[in-house]
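In: Fold the following and give me the result.
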Amino acid sequence: QGRLVESGGGLVQTGQSLNLSCTASDGIKGIETMGWYRQIPGHQREPVALISSLVRTHGQGITTYADSVKGRFTISRDNAENTWNLDMNNLKPEDTGVYFCNAYAILAGGWGDYWGQGTQVTVSS
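Out: Have a look, this model is predicted:
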């Protein structure tokens, strides 16, 4: 059974930085896209940063970001593509939420989403 394990997060002040890391277990195969989503109470989980598989994009590793984090957050992955990170700089109170790592990969004979357990990020003003 594949799973994602997150680390990082915490409480910081406005303008400070945090790093989140996510590792996929060996049970997760064929990862197409890996990324980070954020959820705040009463709202749907929304994508923050995504990065495509190097294999699937011929080494390009295409990234996409929510408009609110462009220029401040950077997503990266290792060459083995089983760990990816989110560097969050110049954090703002509106970045507060529970951050979930995500992998879109082979699941139950087809394709589906794996989710991490979630980690709290709180930015105080």
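In: Mind checking what secondary structure residue 68 has?
Out: Counting by DSSP: H, G, I helix; E, B strand; the rest coil, the backbone at residue 68 sits in helix.
In: Could I get the buried residue list for the top strand by length along the chain?
Out: Taking DSSP state E as the criterion, the chain has its longest strand at strand 97-107. Using 16 or more other C-beta atoms under 10 Å as the test for burial, strand 97-107 gives 97, 98, 99, 100, 101, 102, 103, 104, 105, 106. The C-beta positions use only the backbone N, C-alpha and C, and glycine is treated the same way.
In: Thought residue 39 was touching the first one, still the case?
Out: This means residue 97. Yes - counting by C-beta atoms under 8 Å, residue 97 touches residue 39, with 5.8 Å between them.
In: Just to check, residue 99 is in contact with residue 35?
Out: No - contact criterion C-beta under 8 Å: residue 99 and residue 35 do not qualify, at 10.4 Å.
In: Quickly note the distance from residue 67 to residue 74.
Out: Residue 67 is 15 Å from residue 74, where distance means C-beta to C-beta, to the nearest Å.
In: More neighbours: the two, which one.
Out: Higher neighbour count among residue 67 and residue 74: residue 74, with 16 against 6, using other C-beta atoms under 10 Å.
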